[in-house]
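Undergrad: I'd like to go over a predicted model; first the sequence, then the structure.
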Amino acid sequence: MTNIIKFKSISKFKKITIIIVGILLLCVVAYFAISIFLKAPLKKAQDLPVSVNIVNDVKKEAESKINSGGDAESAFAVYDKAILANEDKIIKSDLLISKAVLAANSNKLDIALESAKKAVDLDRNGNSLGRLAWIYKRSGDKVNAIKYYTEAADFIDKKLNSTDSNSSNSFRKQVKELGAN
C-alpha cells in the first residue's frame, strides 16, 4: 500500500516520464530480441536431422517392400510417394538418388538415369553428380561417366578448397580407370 501511495505522491510529469521510459525499454528489448532472431543463421535442410530421418525411413520402407516379397516396382512406388510429398529440393534430391541406386542395382538403368538426372537438377552436388556418373558407368556410357565423375571431383575440390579429399580422389581414380587422361 505504501508503494501505491508513493506513486500517487509523484507529480504527473514524473509519472509520464516513468511510463515513457518503461515503454522505451520494452521497445529496445523487443528490438534486440527480434534482430537476434532474424540474424540467426537459418539451417539448411541438409543440416537438419529430420531430412536424414525422412530419407532413411523411406529407404527402410522400400527395402521392407522388397524383403517381404515385393518387386522393385513396389519399392519405386514408395520413393515416388515420398518424392511427391516433400517440397524440400534437397530431400527430394536425396530420395531420387536413393531410388536411382535401387533402380541401378535392379538393372533398371533407364529409371536409374532418369532419377539421378532429376536429383542433379534439384541439387547439383558431389554426391548426386557422382551417383549419376556411377549409373552412366554401369550403363556403359563412358563419355558421360567421365564427364560427371570429373564434375563431381571438381565440385568437391572447389567446395573444400582442396584437391586432396578422399571423395574427389576416388572420382578421379574412376576417370582414370575409364580411360581418360
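TA: Sure, I can see it.
Undergrad: could you chop the protein up by domain?
TA: Following the assignment in automatic domain parsing, the chain carries domains at 2-39, 45-177.
Undergrad: for Leu160, what are its contacts?
TA: Ser168 (Cβ atoms under 8 Å, 6 or more residues apart in numbering). The way it works is simple: take the backbone N, C-alpha and C, and place the C-beta from them, glycine included.
Undergrad: try it again with 6 Å
TA: By Cβ atoms under 6 Å, 6 or more residues apart in numbering, Leu160 lies in contact with nothing.
Undergrad: mind listing the helices for this protein?
TA: Taking DSSP state H, the helices of the chain run over residues 2-9, 12-39, 49-67, 72-85, 89-105, 109-122, 126-138, 142-160, 166-177.
Undergrad: related to what we said a few turns ago, for the domains of the chain, which has the smallest mean pLDDT value?
TA: Of all the domains of the chain, mean pLDDT reaches its minimum on domain 2-39 (a mean of 70).
Undergrad: one step back: most tightly surrounded among the domains of the chain?
TA: Ranked by average neighbour count under the criterion mean count of other Cβ atoms under 10 Å, the domains of the chain are headed by domain 45-177 at a mean of 18.
Undergrad: skipping its backbone neighbours, what lies nearest Ala102 in space?
TA: No Ala there; residue 102 is Leu. Excluding the flanking residues, the one nearest Leu102 by Cβ to Cβ, 6 or more residues apart in numbering is Ala75, at 5.9 Å.
Undergrad: correct me if wrong: the one you found contacts Glu63.
TA: No: counting by Cβ atoms under 6 Å, Ala75 stays clear of Glu63, with 7.3 Å between them.
Undergrad: isn't Ala103 right next to Ala112, touching?
TA: Yes: assessed by Cβ under 6 Å, Ala103 is found in contact with Ala112 at 3.8 Å.
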